[in-house]
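Student: fold the stuff below for me.
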Amino acid sequence: MSELAARAPGRLATALRTSRVPGASLIAAALAFAAAWFLMPCAGETDAAEIFRIVTPVRGAVLAAAVLRLLAATLYGPAMVGIIRDRDARLAGRLWRPAAVLLVGTLGLAADALDHMLAYAMTAAGVDQAAQVDVMEWMQGPGLLIIAPLIACYFAGAAWLAVAYARAGVVSRWNPALYLGALAIAIGGAVLGQLTDVIDGRTVGILTMWAVTAPQLWLGCVLWRAAQR
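Tutor: Numbering: from 1, shown residues only. Prediction:
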């Protein structure tokens, strides 16, 4: 009994550290995702020749963005696993579905990051870019359609998770509402950019994705603080 009692504090400390993992991982993942978009030189561009023109002078930033996106995809893993394992009675049965959908979405994030790494490789000095156009056009056409459902799972899972936590009273209903704000920024910004010179596509993309990560940072902070109690 004395040996078990001696081990108990260590086990308790380990459990407390583990309970902080979802919040900390979600915060880190959201920050990495937001930083990746800040480094991207364009958003929504699918023309292969234009992509090469934009990427060539900022190849280092594009590679860094791809690495950050892979890091974000990795960090979402422990965050969602920790959330799925939550045994809070208020949350039982509400979290595993949206968390699982978001996990599937991380495959889309990783695939999209590899697409950007491909653009980095294709714009290296000495590479015949003209010979790479057909490959990039396929990646931005049929290839993008293949991974699009996975990318959609990321956004759908994140929004669904926010709704689940809001319904349980863990976060304010303003948290999931921020995803509607992101949609409004994307649509409104795109229209404004087409009609005026007030804003460009890159800025619209950054603001949209920052609006997507804001509720994740909020939720991550709530989960982190709850683990301190």
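
Student: residue 132: how many residues sit nearby?
Tutor: Residues within reach of residue 132, counting by other CB atoms under 10 Å, total 18. All C-beta spots, glycine's among them, are computed from the backbone N, C-alpha and C.

Student: skipping adjacent residues, who's closest to it in space?
Tutor: On the basis of CB to CB, 6 or more residues apart in numbering, the spatially nearest residue to residue 132 that is not a chain neighbour turns out to be residue 122, at 4.4 Å.

Student: that neighbour and residue 135 touch, don't they?
Tutor: Yes: contact criterion CB atoms under 8 Å: residue 122 and residue 135 qualify, at 7.5 Å.

Student: look at those two and report which has more neighbours.
Tutor: For residue 122 versus residue 135, neighbours defined as other CB under 10 Å are more numerous around residue 122 (22 against 13).

Student: ok, and the closest non-adjacent residue to residue 39?
Tutor: Residue 39 sits nearest to residue 65 (CB to CB, 6+ apart), 4.0 Å away.

Student: enumerate every residue touching the one you found.
Tutor: 36-37, 39-40, 113, 116 (CB atoms under 8 Å, 6 or more residues apart in numbering).

Student: and the next element down the chain from the helix or strand hosting it?
Tutor: Assigned by DSSP states H and E, residue 65 belongs to helix 59-84. Downstream of helix 59-84, the next assigned helix or strand under DSSP H and E is helix 96-122.

Student: tell me the one among the contacts of residue 65 nearest to residue 173.
Tutor: residue 37 (25.8 Å; CB to CB).

Student: check contacts around that closest one.
Tutor: 43, 65, 205-206, 209-210.

Student: just the ones of those residues in helices?
Tutor: Mapping the contacts of residue 37 onto helices (DSSP state H) picks out 65, 205-206, 209-210.

Student: show me which of these is closest to residue 96.
Tutor: Looking across those and measuring by CB to CB, the closest to residue 96 is residue 209, at 25.7 Å.

Student: how about the closest one, nearest residue that isn't a chain neighbour?
Tutor: Nearest residue to residue 209, sequence neighbours excluded (CB to CB, 6+ apart): residue 37, at 4.2 Å.

Student: kindly report the same for residue 140.
Tutor: According to CB to CB, 6+ apart, the nearest residue to residue 140 is residue 46 (4.3 Å).

Student: show me what contacts the one you found?
Tutor: Contacts of residue 46 (CB under 8 Å, 6+ apart): 140-141, 144.

Student: so which of those wins on neighbours?
Tutor: residue 140 (17 neighbours).

Student: how much space between that one and residue 45?
Tutor: Remark: distance between residue 140 and residue 45 (CB to CB, to the nearest Å) = 8 Å.

Student: overlap in contacts, these two.
Tutor: Listed as contacting both residue 140 and residue 45 by CB under 8 Å, 6+ apart are residue 51.

Student: just the pLDDT at residue 80, thanks.
Tutor: Residue 80 carries a pLDDT value of 93.
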